[in-house]
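**Student:** Only the shape, not the letters, is given here:
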């Protein structure tokens, strides 16, 4: 693993930059698909989380492109880590709610709508 920190356009072509762009694109696809199918409230909750994820990707990508993490003492990698953990927990909760609504999972789990 390289200790070099990429800034500017070089960050976009690095592995973390490509992964952040891919995450943003997948979240945009999720937003578009949930609005096209006219989903329920639980699916709209998932869409709201995707909007939050797109905004956090834009902010973190902007911060990394400008090179702020390399210039400051703020632990940006931990900030990105906790943002990712937060999104994982929110996606897990909302996707569970959507699956329970869209399938017979409510019968299996005993959760009533």
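**Tutor:** That came through, no problem. What you see is a predicted model; the values in this text were computed from it and never measured. Numbering: from 1, shown residues only.

**Student:** Helix or strand with the lowest mean pLDDT in this structure?
**Tutor:** Here the helix or strand of the chain ranked lowest by mean pLDDT, DSSP states H and E is helix 105-109, holding a mean of 60.

**Student:** Next one: the residue nearest to the spatial centre of the chain from residue 10, what distance?
**Tutor:** Geometric centre of the chain, nearest residue: residue 53, 3.8 Å, by C-alpha atoms, centre = their mean. Distance, residue 53 to residue 10, using C-beta to C-beta, to the nearest Å: 24 Å. Any C-beta I mention is one placed from the backbone N, CA and C, and that applies to glycine too.

**Student:** Also residue 57?
**Tutor:** Distance from residue 57 to residue 10, by C-beta to C-beta: 18 Å.

**Student:** Likewise for residue 67?
**Tutor:** 10 Å.

**Student:** Over to residue 101?
**Tutor:** Taking C-beta to C-beta, one finds residue 101 at 44 Å from residue 10.

**Student:** List the contacts of the nearest residue to residue 28 once chain neighbours are set aside.
**Tutor:** Nearest residue to residue 28, sequence neighbours excluded (C-beta to C-beta, 6 or more residues apart in numbering): residue 54, at 6.2 Å. Counting by C-beta atoms under 8 Å, 6 or more residues apart in numbering, residue 54 touches 24, 27, 28, 31.

**Student:** residue boundaries of the helices in this protein?
**Tutor:** 9-12, 15-36, 41-66, 68-71, 76-102, 105-109 (DSSP state H).
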